[in-house]
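Student: Just to be clear, the model below is a prediction. Sequence and coordinates:
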Amino acid sequence: MLYLTKRITVCIAAISFILAGCNDDDPVSPPPEEDVSFSEHVLPIFQEHGCTGCHGGTLQENDLRVDSVDELLEGGVSGPAIEPGNADGSLLIQQMSPDPPLGNRMPLGMSPVPEEQQNTIRTWINEGAKDN
């Protein structure tokens, strides 16, 4: 019986390690030596958190789209969503903060975008918000 208990414990531990290795909390972060890519790193964050559902091709709340760099630069009724080279001055970043300047924190009614993913977006903006 003791042999069976040890065997089950080892199996559970092995499965836990396998599952922990499969849990990728931030699948879109670029390697540190690479520039952040809008299409590979930023857009997937917007898609994961439902931003493109309200600010995408079908629906554009407040005339804002987040599914293209040109649209982010154009912005919506409140002006440009991003200011290349100035993440902290960008409305997009400000609206994800706990105390946004315009209405409710984004994404509305959803969990906040994790800080690590917000940092990816910040880095992309600070790198010039390239359409890459």
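Tutor: Arrived safely.
Student: and the gap between the most centrally placed residue in the chain and Asn132?
Tutor: The chain has Ile45 as the residue nearest its centroid, 3.1 Å off, counting by C-alpha atoms, centre = their mean. Noted for Ile45: a distance of 15 Å to Asn132, by C-beta to C-beta, to the nearest Å. In this view, the C-beta of every residue, glycine as well, is placed from N, C-alpha and C.
Student: In what element of secondary structure is Arg105 found?
Tutor: Assessed by DSSP states H and E, Arg105 sits outside every helix and strand.
Student: Leaving out chain neighbours, which residue sits closest to it?
Tutor: Pro98 (6.2 Å; C-beta to C-beta, 6 or more residues apart in numbering).
Student: Ile45 should be in a strand, yeah?
Tutor: No: judged by DSSP: H, G, I helix; E, B strand; the rest coil, Ile45 forms no part of a strand; its state is helix.
Student: so it touches Thr120, yeah?
Tutor: Yes: the criterion here is C-beta atoms under 8 Å, and Ile45 meets it with Thr120 at 6.5 Å.
Student: Strands along the chain, start to end?
Tutor: Counting by DSSP state E, no segments of the chain form strands.
Student: Can you pull out the low-pLDDT segments for it?
Tutor: 1-28 (pLDDT under 70).
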